[in-house]
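Chemist: fold the following.
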Amino acid sequence: MTQTPKNRRDSVNELLKKAFPEVPDTEREPVAPEDIDARERWLRDNIPPHHE
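Modeler: Modelled structure (predicted):
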């Protein structure tokens with residue numbers, strides 16, 4: 001059996017044969033709590049029928 005990559009980034013890089021640059025937390029957009037609430041609301045409103 002083949003050895004599995006250590007983390008998700010390694011898996012993506014191996015699959016795409018391209019290394020994506022690391023983005024430090026200081027360069028990322030902050031996530032507002034209302035963004036999280038809106039995402040959760042959207043997911044609840046769009047549950048496929050076979051998951052109800």
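Chemist: quick one: residues contacting the residue nearest the centre of the chain.
Modeler: The residue lying closest to the centre of the chain (Cα atoms, centre = their mean) is residue 8, at 9.6 Å. For residue 8, the contact set (Cβ atoms under 8 Å, 6 or more residues apart in numbering) is empty. (C-beta placed from N, C-alpha, C; glycine too.)
Chemist: tell me how far it lies from residue 20.
Modeler: 11 Å (Cβ to Cβ, to the nearest Å).
Chemist: what's the answer for residue 49, then?
Modeler: Taking Cβ to Cβ, one finds residue 49 at 36 Å from residue 20.
Chemist: could you do residue 27 as well?
Modeler: In terms of Cβ to Cβ, residue 27 sits 14 Å off from residue 20.
Chemist: could I get the average pLDDT for the longest helix seen in the chain?
Modeler: Among all segments of the chain classified by DSSP state H, the helix with the greatest residue count is helix 33-45. Averaged across helix 33-45, pLDDT comes to 91.
Chemist: who are the packing partners of it?
Modeler: For helix 33-45, there is no helix or strand it packs on, judged by 3 or more Cβ pairs under 8 Å, 6 or more residues apart in numbering; DSSP states H and E.
Chemist: what sits up against it?
Modeler: Against helix 33-45 from outside (Cβ under 8 Å, 6+ apart): no residues.
Chemist: repeat the analysis, applying 10 Å as the threshold.
Modeler: Helix 33-45 is contacted from outside by 29, 31, 32, using Cβ atoms under 10 Å, 6 or more residues apart in numbering.
Chemist: count of neighbours near the first one?
Modeler: So the one you mean is residue 29. Here the number of neighbours of residue 29 (other Cβ atoms under 10 Å) works out to 6.
Chemist: what does the one 3 residues further on give?
Modeler: Applying other Cβ under 10 Å, we find 9 residues neighbouring residue 32.
Chemist: what sits against it?
Modeler: Residues near residue 32 by Cβ under 10 Å, 6+ apart: residue 38.
Chemist: how close does it get to residue 44?
Modeler: Look at residue 32 and residue 44: by Cβ to Cβ, they are 19 Å apart.
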